[in-house]
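Student: Below are the sequence and a predicted model for it; my questions follow.
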2 protein chains.
Amino acid sequence: MKVKESETEKIILNAAKDVFFRKGYDGARMQEIADVAGINKALLHYYFRSKDKLFEAIFEEAFKKLIPKIVESMTSEMNFEEKIKKFINNYIDTLIEVPQIPIFILNELNRNPDRIIGVLKKAGLKPEVIVEGLQRDIENGVIRAVNPKHLIVNIVSLCIFPFAAKPIIQKLFLKDDNPKLFYEFLKERKSEVSNFIINSLIVKP
Amino acid sequence: MKVKESETEKIILNAAKDVFFRKGYDGARMQEIADVAGINKALLHYYFRSKDKLFEAIFEEAFKKLIPKIVESMTSEMNFEEKIKKFINNYIDTLIEVPQIPIFILNELNRNPDRIIGVLKKAGLKPEVIVEGLQRDIENGVIRAVNPKHLIVNIVSLCIFPFAAKPIIQKLFLKDDNPKLFYEFLKERKSEVSNFIINSLIVKP
DNA sequence: GTCTATATCGGGATAGAC
DNA sequence: GTCTATCCCGATATAGAC
């Protein structure tokens, strides 16, 4: 329960986010973070005792940004088709704003799996709720019978993976490193992915 | 064009693979590689001049393992449904054997995007060939009209992402860290993903 | 709170004996 | 080819002045 963040603290956190996102924990240098923040190394330690503590703060914030979106869109009272569309749009739009998050999170997840236990709890993610919602849709004949767990993994995969694989996609399909092209590709994906999923699941009368 | 790899060289490469896969480039320590190989640091430098050179060797090998599988399965003469099934089974089976590769590759890709240019060329991946094949299937009315590039990204996402997200999937869906459960999950995925894709695309008469 | 200077250590790389 | 000893830089962290 933070009371008030000083200006300097915010500047440090932003700089740290920048560097950690780009380089990962091991690749990041306290010196670079200090440079980006326009201060010196000693001050970093004054605010956050260690590199690890500083990282922790960044990681938690990034993680909490991704998880609640899932619950939010997936547990609303819309019908299945609307729910999927809303979720995909929502999720891809969020990631477009912070495209480095996926690889950052995935990497840290594998480097230090234990850390997620705590963060997941704090994020308040209840996969059972989503699974139950999907099961109801299946029972009601809205979508065909699939394994809800795999369906969830499928949906999330389709949204997140392209961000993590950005350099290959650019090189293979977009030829040009122009960031605008990748952005266009992602915008196309929103309808493309929604349709892909809906077409696979919706039971036509 | 390697003529003959000495025994020691192989031992080093295996040890390096182990450590680099687990820790990534920045996190890996030459000392740890030496320990795993049962030799000393100096010998690493004797065989591979630098950490970077050693990494390069590992990375290239890992990358070449993933890419050709895509071409191979996607350019055969089977019909669409068989082709997809073969590809998914093939791909997931390959990754089950070396489940650390996805996060390793993705991470290095983002940390050092330039490296892939060379490796991609050597791997001989021609995405146009796959795209053309899909376009033909669309023209012949085998599958509905979708953007082939997105379809390829979709298929690959569904295969690779779960490996990169392994710790979350375990924690959220499998509760138990028992590796066997994750393995079961992956085996289920083969048919689940195939059906997911085919149901979305195949045009029913 | 912010700085400079410095302690301390770890890690990649090399020299040189065997 | 393989080892021990060592160099040396770079990185985290701290001491202490302002």
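Tutor: Alright, I've got the coordinates.

Student: Check whether the least confident helix or strand in chain A by mean pLDDT comes near chain B.
Tutor: Lowest on mean pLDDT, DSSP states H and E among the helices and strands of chain A sits helix A:114-123, with a mean of 77. Yes: Helix A:114-123 lies within reach of chain B by C-beta under 8 Å from any C-beta of the partner chain, at A:Ile116, A:Ile117, A:Leu120. Just so you know, the C-beta spots here come from the backbone N, C-alpha and C atoms, and that holds for glycine as well.

Student: ok, so of these, who is nearest A:Lys86?
Tutor: Distance to A:Lys86, by C-beta to C-beta, is smallest for A:Leu120 among these, at 23.3 Å.

Student: Leaving out chain neighbours, which residue sits closest to that closest one?
Tutor: Distance criterion C-beta to C-beta, 6 or more residues apart in numbering or on different chains; nearest residue to A:Leu120, sequence neighbours excluded, is B:Lys171 at 6.3 Å.

Student: Quick check: the one you found vs DNA strand C, distance?
Tutor: Remark: distance between B:Lys171 and DNA strand C (C-beta to the nearest atom of the strand, to the nearest Å) = 28 Å.

Student: Tell me the secondary structure of that residue, please.
Tutor: helix (DSSP: H, G, I helix; E, B strand; the rest coil).

Student: Which residues are in contact with it?
Tutor: Going by C-beta atoms under 8 Å, 6 or more residues apart in numbering or on different chains, B:Lys171 touches A:Ile116, A:Ile117, A:Leu120.

Student: Which of these ranks first by neighbour count?
Tutor: Within the contacts of B:Lys171, A:Ile116 tops the neighbour count with 20 neighbours, counted by other C-beta atoms under 10 Å in any protein chain shown.

Student: from what I can see that residue touches A:Leu109, true?
Tutor: Yes: judged on C-beta atoms under 8 Å, A:Ile116 makes contact with A:Leu109 at a distance of 5.9 Å.

Student: intersection of neighbour lists for these two?
Tutor: Listed as contacting both A:Ile116 and A:Leu109 by C-beta under 8 Å, 6+ apart are B:Pro167, B:Ile168.

Student: On the pLDDT front, check A:Lys69 for me.
Tutor: We have a pLDDT of 72 for A:Lys69.

Student: neighbours of it, just the number please.
Tutor: So A:Lys69, with other C-beta under 10 Å, has 16 neighbours.

Student: any residue of the helix or strand hosting it up close to DNA strand C?
Tutor: Element membership for A:Lys69 (DSSP states H and E) is helix A:51-74. No: Helix A:51-74 does not reach DNA strand C (C-beta under 7 Å from any atom of the strand); its nearest approach is 12.9 Å.

Student: Of all the residues in whatever helix or strand comes next after that helix, which ones are buried?
Tutor: With elements assigned by DSSP H and E, the helix or strand that comes after helix A:51-74 is helix A:80-97. Neighbour-count burial for helix A:80-97 flags A:Phe80, A:Lys83, A:Ile84, A:Lys85, A:Lys86, A:Phe87, A:Ile88, A:Asn89, A:Asn90, A:Tyr91, A:Ile92, A:Leu95 (criterion: 16 or more other C-beta atoms under 10 Å in any protein chain shown).

Student: and which of the contacts of B:Lys171 is nearest to DNA strand D?
Tutor: A:Ile116 (21.5 Å; C-beta to the nearest atom of the strand).

Student: Next, the contact list for that closest one, please.
Tutor: Per C-beta under 8 Å, 6+ apart, neighbours of A:Ile116: A:Phe63, A:Leu109, B:Pro167, B:Ile168, B:Lys171.

Student: now chain A, which segments are flagged as low pLDDT?
Tutor: Low-confidence segments of chain A, defined by pLDDT under 70: A:1-4, A:205.

Student: Tell me the spacing between the spatially most central residue of chain A and DNA strand D.
Tutor: Ranked by distance to the mean C-alpha position of chain A (C-alpha atoms, centre = their mean), the top residue is A:Leu66 at 4.1 Å. Per C-beta to the nearest atom of the strand, A:Leu66 is found 25 Å from DNA strand D.

Student: A:Val142 now?
Tutor: 52 Å.

Student: just A:Lys149 next, same as before
Tutor: The value you get for A:Lys149 to DNA strand D, if C-beta to the nearest atom of the strand is used, is 39 Å.

Student: Can you classify that residue by secondary structure?
Tutor: Here A:Lys149 is recorded as helix under three-state DSSP.

Student: Compute the number of surrounding residues for the nearest residue to it once chain neighbours are set aside.
Tutor: Computed as C-beta to C-beta, 6+ apart, the closest residue to A:Lys149 that is not its neighbour in sequence is B:Phe173, at 5.0 Å. Residues lying near B:Phe173 (other C-beta under 10 Å) number 18.

Student: show me the contacts for B:Phe173.
Tutor: Going by C-beta under 8 Å, 6+ apart, B:Phe173 touches A:Pro127, A:Lys149, A:Val153, B:Phe185.

Student: Would you format these as CSV with neighbour count, secondary structure and distance to B:Ile105 included?
Tutor: Listed next are the contacts of B:Phe173 as CSV, based on neighbours: other C-beta atoms under 10 Å in any protein chain shown; DSSP: H, G, I helix; E, B strand; the rest coil; distance: C-beta to C-beta, whole Å:
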residue, neighbour count, secondary structure, distance to B:Ile105
A:Pro127, 19, helix, 27
A:Lys149, 20, helix, 25
A:Val153, 23, helix, 20
B:Phe185, 20, helix, 21
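
Student: With respect to B:Gly141, which of these is nearest?
Tutor: For these, the nearest to B:Gly141 is A:Val153 (30.9 Å; C-beta to C-beta).
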